[in-house]
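**Q** Okay, here's the prediction I keep looking at, along with the sequence it came from:
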Amino acid sequence: MGKSCKVTPVKNRLGQLLRLPGGIARDEAVEAAGQAVETLRDEYVNAIPGEIGALEAVVAAAGRRKLPPQELQAMLDRAGHLLTLSGTFGYTLLDEVVKRFCDLTSGMIEKDIGDVAPVSVHLRAMRLVCPGGRSLEEGEADNMLKGLELVHAHYGIERLQQDMDRPQAQ
Amino acid sequence: MEESFNFSQIIALVVDGDRYSTGIVSQILHGFGLNRHYVTTSGEEAKKLLSAEKFDLVITECVLPDMNARKLVRWVRRHASTRIRYIPIVMLTGYSHLSNVTAARDAGVNSVVRKPVAPATLFDHITWSARTERPFIEADAYIGPCRRFKFGEAAPGLNRRSTDHATDGVDAQAYHVDETQEAVI
């Protein structure tokens, strides 16, 4: 007996509403949205050091003990907030560092590694390049990112982005 | 003459535990003229709102503080009320959750957008979902908008950054889509 499959035509209510008279052209909407997001810049960029501080507090509280997976997961989730801020407001280098932090913590959770030192190194890098931090030359920034990659290599941790780019099983 | 889209009558629900993300998405929606939207941080609250109000669009992060959003999507797609069951869902996914794209697709979302959300990308996904006719499929292994459809027209904004679509390069093969076109769920 074959598997059941019901196919139902659906009224496209969203489409009907969007096609109502009036409205806004794409370019105009995108520009207005960009301007609306810009109104958040000061408040949100000012929040970045505090978000890093929240991650630093977890490490400080850990002291010399290992970071358990649930704390690493909480840090990973919190780092997602930082990526929202750095990506939206154009802090490219901070974005790169936070992505490497996400790579690191994901890998540590996967491999059951609880060392504080690699996490601390990434947090120091974040603090260095966050708004109000140092302005690095291109070569300095490259060296810093390469240094973080060496930490990843030491622990055998790969980038999440590479995982994403691998062909998916069909 | 450039096509216009009227967002003023749409009611949207934004679900995300990241307060910065909800703030940014809200501002983007305001910019589009979509002023009637609710924001919640939890999946359970989202269920309550969906049951109480009439929404035309759901935008949800893939990982919520109280549940994986796949659970929320499954709840929507299996709801007795067609008003809820057929709601278009745009799922947002952060850098550390990109591997959830396939799972989100299988849960029945309409499209997936990588965070941080850019206005052009969100605009394109909403309008593309709205202009693409997709029947609703209820099968043993999948409930949601049909994934085997033809692109009548590629989503606008092909010049935007290639990384905006978390599905790029993943679903083109899965859905036998011409890889030169947009590959959006």
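**A** Yes, it's here. Numbering: from 1, shown residues only, chains lettered A, B, ... in the order given.
**Q** in the chain, which spans are strands?
**A** You didn't pick a chain, so chain A it is. Secondary structure of chain A (DSSP state E): strands at A:5-8, A:24-25.
**Q** Switch to chain B, please.
**A** B:4-5, B:11-15, B:36-40, B:57-61, B:89-93, B:111-114, B:136-139, B:143-145.
**Q** got the angle for the fourth one vs strand B:11-15?
**A** Spelled out, that is strand B:57-61. Strand B:57-61 runs at 10 degrees relative to strand B:11-15, counting by axes from the mean of the first three to the mean of the last three C-alpha atoms, to 10 degrees.
**Q** my read: A:H122 touches A:F101, true?
**A** Yes - A:H122 lies in contact with A:F101 (C-beta atoms under 8 Å); the separation is 4.3 Å. All C-beta spots, glycine's among them, are computed from the backbone N, C-alpha and C.
**Q** Neighbours of A:L17, how many?
**A** 20 (other C-beta atoms under 10 Å in any protein chain shown).
**Q** so what's B:F55 closest to, chain neighbours aside?
**A** B:L13 (4.9 Å; C-beta to C-beta, 6 or more residues apart in numbering or on different chains).
**Q** Looking at strand pairing, list the partners for that neighbour.
**A** Assessed by DSSP bridges, B:L13 has beta-bridge partners B:Y38, B:V58.
**Q** And the pLDDT at it?
**A** Listed pLDDT for B:L13 reads 98.
**Q** Please list all residues in contact with it.
**A** Going by C-beta atoms under 8 Å, 6 or more residues apart in numbering or on different chains, B:L13 touches B:37-40, B:46, B:49-50, B:53, B:55, B:57-60.
**Q** Weed out the non-buried ones from these.
**A** Buried positions within the contacts of B:L13, assessed by neighbour count (16 or more other C-beta atoms under 10 Å in any protein chain shown), are B:37-40, B:46, B:49-50, B:55, B:57-60.
**Q** how about low-confidence regions in chain A?
**A** Chain A contains residues with pLDDT under 70 at A:1-3, A:161-170.
**Q** tell me the centre residue of it?
**A** A:L83 (3.4 Å; C-alpha atoms, centre = their mean).
**Q** Save the contacts of B:L13 as a markdown table, and put in pLDDT too.
**A** What follows is those, written out as a markdown table (pLDDT from 0 to 100):
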| residue | pLDDT |
| --- | --- |
| B:H37 | 96 |
| B:Y38 | 97 |
| B:V39 | 97 |
| B:T40 | 97 |
| B:A46 | 98 |
| B:L49 | 98 |
| B:L50 | 98 |
| B:E53 | 94 |
| B:F55 | 97 |
| B:L57 | 97 |
| B:V58 | 97 |
| B:I59 | 97 |
| B:T60 | 96 |
